[in-house]
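1. Need a 3D model of the following:
(chains A and B)
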Amino acid sequence: MQSYTKYSPELEYVLRIADNSLIMGHRVSEWCGHGPVLEQDIALTNIALDLLGQSRMYLQYAAELMGGEETEDSLAFLRDAMQFRNCLLVERPNGDFAHTMVRSFLFDSFHYFFTKELLNSSDKRLKDIAEKSLKEITYHRKFSAEWTIRLGDGTEESHNRMQNAVDELWPYKGELTHPDSLDKKMAKKGVGVDLKKIEPMVGEFVGQIMDRAGLKTPQDVYMHRGGKEGTHSEHLGFILAEMQFMQRAYPGQKW
Amino acid sequence: MTTETSMLDKFEEKIRKEIKIEPRDWMPEKYRKTLVRQISQHAHSEIVGMLPEGNWITRAPSMRRKVALLAKVQDEAGHGLYLYSAAETLGTTRKEMTDDLHTGKAKYSSIFNYPSLTWADIGAIGWLVDGAAIMNQVMLCRTSYGPYARAMVRICKEESFHQRQGYEIMLTLARGSEEQKAMAQDALNRWWWPSLMMFGPPDHESKHTAQSMAWKIKRKTNDELRQQFVDATVPQAKLIGLKIPDSDLKWNEEKGSYDFGEIDWDEFWNVVKGNGPCNKERLNARVKASEKGQWVREAAAAFAEKQNQRKAKKEQVA
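-> Predicted coordinates for the structure are as follows:
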């Protein structure tokens, strides 16, 4: 395992995309067997499967970029928290079904426009993966948007739970579309997505759905950042403790 | 009375002629009850069975295994869904069935009251538990009630894939490090006997077997299926160098099958009665999922109602 003190910009960028799907997929997979309705249990598991499948394609690409002994598994199971590059939103705990749906809704809204733009990447591999995953992500966005409307406009209790989840998760929305120097650099190179371009698209879609759900958009919220650069919340450490247990307890074995 | 008798004759003739009984056909009340009990119990087993395996999704040792396990557990949920639908054709709602599960009135397979302690348990569950389930399910593909038989055909295809997947996990461990081999053997030691118990009490003690065989709900007895499972599984264990934890196990040339040791039926009944290592956790997990989902289901129903009203209003205006 090489040290991760220095990632090339390309690698860093691929890991950002990979880790978003990996950690989001992990969180959604925690629902398996515990969903509110059997049909929703199946749907959530399906979404987790899609996300983990996507993360594998990106991680395999990242491993190739790194060369040497790296594999999707060494990247998923042997990096520590500061080497992960996912946004803070995806590591938020599941909470109740409202929290999970709002987190999915915010992430999927971003993920959809991001992946759609990634179809124009000059990096053929990224473009191919985006092509393979867009259909899935389109379904994820439809699912979480529909549930946002249904629960926002359902009963008083469901509405309150949704508004509460929106208020709690909104501060993690900004990081998704806020470009840092790497985002700008990769967009300029034609490899990455211009976040400034998709920001209004994401905003418009989220706004429309929030209106239909009768949910209030929080105003003047401080936006947390740091995940993309490797500064995470305390939650990630526990996710990794669980996710990496086997590879850490039994180093170097085949499963 | 005469009509009832003639309907019974007709029903029995269908059974005799191997014609499937369909939802709208007349059937004896006891046949219906037996099926609802058996199919719902089967559905509950699929759903509760998601828990010991679901346990390891977030801890699976590789990405490939993680995705395969997640897909497997999702299949179980799907099987639960087919089976609830099959049982609903007999006039019992899914809610009634799940309520019975949550109050402890309905049973599910006792095997899921055992804990999954290491990664090897995921291999052992696939290999042995799904392997034992298949013996039963292959037989049920020919069961006399149409919707149940058809659900089983779909389920069997997926289950045999799960069984191979579980065996492949065990094979990988058995060929791995000393630690991995020990992990595999430990899992086999813990899951072997409970897997044999999955077929239910011995024939002479089984209160449902005779009637179920007469109605062709079942085609083989508990003991026949158990023997079939032992005969299929022992060579598989040998092939990967694992030892079946039974000192009485030996090939019987005359019988053309294996003799095996006495099953501890006290343990079986103890677990059935609620004293297995995980009975309370498993049921609590299901009850909790249902209670925590209550507001979601209510909201979905309220929203659907609002949508209908809006639609009706629109139509009125138009």
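
2. For whatever residue of the stretch 51-200 of chain A ends up closest to chain B, which three-state class applies?
-> With C-beta to the nearest C-beta, the shortest gap between the stretch 51-200 of chain A and chain B falls at A:Gly154, namely 2.8 Å. Where C-beta positions appear, they are placed from N, C-alpha and C, glycine not excepted. Following DSSP: H, G, I helix; E, B strand; the rest coil, A:Gly154 is assigned to coil.

3. B:Glu305 is in contact with that one, correct?
-> No: using C-beta atoms under 8 Å, A:Gly154 makes no contact with B:Glu305, being 9.6 Å away.

4. interface residues of the stretch 51-200 of chain B facing chain A?
-> The stretch 51-200 of chain B comes close to chain A at residues B:51, B:54, B:57-67, B:70-71, B:73-74, B:77-78, B:80-81, B:84, B:119, B:169, B:172-173, B:176-177, B:179-180, as judged by C-beta under 8 Å from any C-beta of the partner chain.

5. Could you tell me which of those belong to helices?
-> If you go by DSSP state H, these have B:51, B:54, B:63-67, B:70-71, B:73-74, B:77-78, B:80-81, B:84, B:119, B:169, B:172-173, B:179-180 in helices.

6. re the thing from before, what sits against the residue of the stretch 51-200 of chain A closest to chain B?
-> B:Glu298, B:Ala299, B:Ala300, B:Ala302, B:Phe303 (C-beta atoms under 8 Å, 6 or more residues apart in numbering or on different chains).

7. Leaving out chain neighbours, which residue sits closest to it?
-> Leaving aside its chain neighbours, A:Gly154 sits nearest to B:Ala299 (2.8 Å; criterion: C-beta to C-beta, 6 or more residues apart in numbering or on different chains).

8. was I right about B:Lys107 contacting B:Gln41?
-> Yes: assessed by C-beta under 8 Å, B:Lys107 is found in contact with B:Gln41 at 5.4 Å.

9. And these two? Which one has more around it.
-> Per other C-beta atoms under 10 Å in any protein chain shown, whichever of B:Lys107 and B:Gln41 has more neighbours is B:Gln41, with 18 against 15.

10. what helix or strand does the more buried one sit in?
-> Assigned by DSSP states H and E, B:Gln41 belongs to helix B:29-48.

11. And for B:Tyr258?
-> strand B:257-259.

12. for that strand, what is the average pLDDT?
-> Strand B:257-259 carries an average pLDDT of 98.

13. and that strand, which strands flank it?
-> strand B:250-252 (antiparallel) (DSSP bridges).

14. quick one: average pLDDT of the partner strand?
-> Mean predicted confidence for strand B:250-252 is 97.

15. how near is B:Gly80 to A:Gln40?
-> From B:Gly80 over to A:Gln40 the distance is 13 Å, taken as C-beta to C-beta, to the nearest Å.

16. neighbour-wise, which of the contacts of A:Gly154 leads?
-> Using other C-beta under 10 Å as the neighbour test, the contacts of A:Gly154 are led by B:Ala299, with 26 neighbours.

17. Kindly state the pLDDT recorded for it?
-> At B:Ala299, pLDDT is 98.

18. quick one, what contacts it?
-> By C-beta under 8 Å, 6+ apart, the contact set of B:Ala299 is A:Arg150, A:Leu151, A:Gly154, A:Thr155, A:Glu157, A:Ser158.

19. what about B:Arg16, neighbour count?
-> The burial count for B:Arg16: 9, using other C-beta under 10 Å.

20. Just the element for residue 185, please.
-> Just going to use chain A. For A:Lys185, the host element (DSSP H and E) is helix A:181-188.

21. wrong one, chain B
-> Going by DSSP H and E, B:Gln185 is in helix B:178-197.

22. Might you list the low-confidence residue ranges for the stretch 151-255 of chain A?
-> Under the criterion pLDDT under 70, no range of the stretch 151-255 of chain A is flagged.

23. Alright, I will stop here.
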